[in-house]
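Engineer: 3D, please:
(2 chains)
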Amino acid sequence: MKQRGILVRDFSHYYGETRSLNNINLDVYRNEILGIIGPARSGKSTFLACLNRLNDLIPGSRVEGKILVDDQDIYGPEVDVVALRRKLGMVFATPVPLPLTIYENIVFGVRLLGNNNRRELDRIVEDSLEKAGLWAEVKDRLHTSALKLSGGQQQRLCIARVLALKPQYIMLDEPTSGLDPISTMKIEDSLRTLKKDYTIILVTNNTKQAARVADRTAFFLMGELVEIDETPVVFTRPSDKRTEAYLEGKFG
Amino acid sequence: MTKLEKNDRLVRLGLLMIALSAISVLAIITLFIFEQGTPIMFRYGFKSFLLGQDWYPSEKSFGLLPMIVGSLMVTFGALIIGVPLGLASAIFLTEFSHRRLTRILKPVIELLAGIPSVVYGFIGLMFLVPFIRDNFGGPGLSVLAASLILGIMILPTVISIAIDSIRAVPDSYREGSIALGATRWQTVRMVVLPAARSGIIAGIILGMGRAIGETMAVIMVAGNAADIPGSILAPVRTLTSNIALEMAYASGEHREALFATGVILFIIIMILNTIANVTSTRQRKK
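Structural biologist: Prediction:
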């Protein structure tokens, strides 16, 4: 039996009066890649934001139901939101390196914890960049601006930056939507490697990407979870007509 | 040429004339000041103007150093007061306050810029000067009083420009930083402010330009003695005050010396503006 990491139960989310997620129930298993597919505005990104409470930043955001991460109710009163966000690292669609050097981008979150030991930081930087598959390309220019990297490199830098925080979960929101096929391939390769140590949730607009890397795939539509199953099942024998229609490109 | 094309040309020509007339006014003012002010500087030597400590126009002694020092002290004092206050207000209004509160407060702050400077001076004279005299000693009319008044007067400039440049920082930076486990304040301190730095600096320099150019409010609270002030409680005279106080009755070389004061002020302001332009373009290039 696979171990459950995240449990989502009867979860709904509202922006003001608009319901953006409707009664979601799903589990995320440890060390799997869960792909989330669905058309634009189906609630995929909102779902990720709810998992690490980035939705707190949006005025008028409100939730119902429960999300348990490692048996902790993340909307409970005693939750350390900062610690939660470190546990569930997030990579955004547009790579957003902070306007700092490559090195400082990686250690940004580590420094926030008060760790300033130079040797340790050096090790974290090398380790994270190695895991994100970027070390070889940037090791000679760690102290130049991260904004000078190419789009694909910036995105891998963002992954490395999340890894530096030693998260348990990595959530990626359409991480390759702005990237060329080779950069995309490199990122997918790193995801397969990372699966050994992390649980990965991958939101993607590209259904083929989910087919390539996800162990299980969930299909969201207009704020509802239509179905979730092993990836080959979803792609070859979907149980819901809407999934089939979406995969065949009939809408979305 | 079609009729429309002809029209276009006419409009272009008309606008060009208007643009040129605005620029030529500036050019004429510059020429006039330099034409009136530089001959006396050549006659007595730049050194005696820039470094001379005695301003006795009737005895042909035109040392402007006390006024240069005075202007710089008062301006620097205004920055010490205005910049932390302004920056803190801007950070609060952009990052921490409720959006509705910002919508009310920002126009109120901008209204500060519309109050005539003589009103600031009057309030300073009625309340601030006696307060300083009674609590800290000295005549009350002082560097401190002028700095405080100017510090408040530059707030709208500093705040508006700081707000604009903080707002120009993409939200994705904030999200990225918060997703990495930073608190709001850490995000502001380590990401937002560095990203907005050049804009904020440009705002501070514009505020500085306003402080150094302000005349009426300063005349009313600064005491205007033409000596290098020994402390922040001593009276002080600025370059602009020097011109405004004496121009009404000055003639001959005295009058020329006041224009020379204007030349020096002009150069100081040009330097500040150039710095402002360079810093804000450097931001865009990044």
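Engineer: near chain A, which residues of chain B?
Structural biologist: B:99, B:170, B:172-183, B:186, B:190-191, B:194-195, B:286 (CB under 8 Å from any CB of the partner chain). Every residue, glycine included, has its C-beta placed from N, CA and C.
Engineer: Could you list which of these belong to strands?
Structural biologist: Among those, none falls in strands (DSSP state E).
Engineer: Check which helices and strands the helix or strand of chain B with the lowest mean pLDDT sits against.
Structural biologist: None of the helices or strands of chain B scores lower by mean pLDDT, DSSP states H and E than helix B:252-285, at a mean of 83. Under the contact criterion of 3 or more CB pairs under 8 Å, 6 or more residues apart in numbering or on different chains; DSSP states H and E, helix B:252-285 touches helix B:3-44, helix B:46-51, strand B:61-62, helix B:65-91, helix B:193-213, helix B:239-246.
Engineer: returning to that earlier point: among the residues of chain B next to chain A, which ones are buried?
Structural biologist: Neighbour-count burial (16 or more other CB atoms under 10 Å in any protein chain shown) is assigned, among those, to B:173-182, B:186, B:190-191, B:194-195.
Engineer: just to revisit the earlier point, a markdown table for the helices and strands packed on helix B:252-285, including distance to B:Ile267 and mean pLDDT?
Structural biologist: Below are the helices and strands packed on helix B:252-285 laid out as a markdown table (distance: least, CB to CB, whole Å; pLDDT from 0 to 100):
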| stretch | distance to B:Ile267 | mean pLDDT |
| --- | --- | --- |
| helix B:3-44 | 10 | 92 |
| helix B:46-51 | 11 | 88 |
| strand B:61-62 | 16 | 90 |
| helix B:65-91 | 11 | 95 |
| helix B:193-213 | 11 | 90 |
| helix B:239-246 | 11 | 94 |
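Engineer: any idea how far the closest residue in space to B:Pro57 that isn't next to it in sequence lies from A:Asp140?
Structural biologist: Distance criterion CB to CB, 6 or more residues apart in numbering or on different chains; nearest residue to B:Pro57, sequence neighbours excluded, is B:His254 at 4.0 Å. Distance, B:His254 to A:Asp140, using CB to CB, to the nearest Å: 67 Å.
Engineer: and these two? which has more neighbours close in?
Structural biologist: Using other CB atoms under 10 Å in any protein chain shown as the criterion, B:His254 and A:Asp140 rank with B:His254 on top: 16 against 8.
Engineer: Contacts only, for that one.
Structural biologist: B:57-58, B:246 (CB atoms under 8 Å, 6 or more residues apart in numbering or on different chains).
Engineer: top of those by neighbour count?
Structural biologist: B:Pro57 (19 neighbours).
Engineer: was I right about that one contacting B:Ala257?
Structural biologist: Yes - B:Pro57 lies in contact with B:Ala257 (CB atoms under 8 Å); the separation is 6.1 Å.
Engineer: quick one: the host helix or strand of B:Ile161 to helix B:65-91, angle?
Structural biologist: Assigned by DSSP states H and E, B:Ile161 belongs to helix B:155-167. Calculated by axes from the mean of the first three to the mean of the last three CA atoms, to 10 degrees, helix B:155-167 forms an angle of 50 degrees with helix B:65-91.
Engineer: what residues does the stretch 51-200 of chain A put near chain B?
Structural biologist: So the stretch 51-200 of chain A meets chain B at A:52, A:54, A:57, A:59, A:82-83, A:85-86, A:89-90, A:92, A:94, A:96, A:98-100, A:108-109, A:112-113, A:147, A:158, A:161-162, A:165 (CB under 8 Å from any CB).
Engineer: For these, which PyMOL command selects only the ones that are buried?
Structural biologist: Buried residues among these (16+ other CB under 10 Å), as a PyMOL selection:
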select buried, chain A and resi 52+54+82+85+86+89+90+92+94+96+98+99+100+108+109+112+158+161+162+165
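Engineer: Give me the subset of the residues of the stretch 51-200 of chain A next to chain B lying in helices.
Structural biologist: A:82-83, A:85-86, A:108-109, A:112, A:158, A:161-162 (DSSP state H).
Engineer: Tell me which two in those residues are the farthest apart.
Structural biologist: Across those, no pair lies farther apart than A:Ala83 and A:Cys158, at 20.3 Å, counting by CB to CB.
Engineer: quick check: domain ranges of chain B?
Structural biologist: B:3-44, B:51-285 (automatic domain parsing).
Engineer: Would you mind finding the most buried of those domains?
Structural biologist: Counting by mean count of other CB atoms under 10 Å in any protein chain shown, domain B:51-285 has the highest mean neighbour count of the domains of chain B, with a mean of 19.
Engineer: show me the contacts for the nearest residue to B:Thr102 once chain neighbours are set aside.
Structural biologist: Nearest residue to B:Thr102 in three dimensions, chain neighbours excluded: B:Leu93, at 4.8 Å (CB to CB, 6+ apart). Going by CB under 8 Å, 6+ apart, B:Leu93 touches B:101-102, B:105-106, B:159, B:163.
Engineer: Nearest to B:Gln53 among the residues you listed?
Structural biologist: The closest of these, once distances to B:Gln53 are taken by CB to CB, is B:Ile159, at 37.5 Å.
Engineer: contacting residues for that closest one?
Structural biologist: B:86, B:89-90, B:93, B:109.
Engineer: In the residues you listed, find the pair that's most separated.
Structural biologist: B:Gly86 and B:Leu93 (10.6 Å).
Engineer: can you tell me which residues contact B:Asp54?
Structural biologist: Here B:Asp54 is in contact with B:61, B:63 (CB under 8 Å, 6+ apart).
Engineer: before we move on, the earlier item: in TSV: the domains of chain B, plus distance to A:Leu48.
Structural biologist: Converted to TSV, these look like this (distance: least, CB to CB, whole Å):
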stretch	distance to A:Leu48
domain B:3-44	52
domain B:51-285	10
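Engineer: Of these, which is nearest A:Leu68?
Structural biologist: Among the domains of chain B, domain B:51-285 sits nearest to A:Leu68 (CB to CB), with 20.1 Å.
Engineer: what about A:Phe11, which helix or strand?
Structural biologist: Per DSSP H and E: strand A:4-15 holds A:Phe11.
Engineer: And A:Glu227, its phi and psi?
Structural biologist: Main-chain torsions, A:Glu227, degrees, to the nearest 10: phi -160, psi 160.
Engineer: Which pLDDT value goes with it?
Structural biologist: At A:Glu227 the predicted local confidence, pLDDT, stands at 93.
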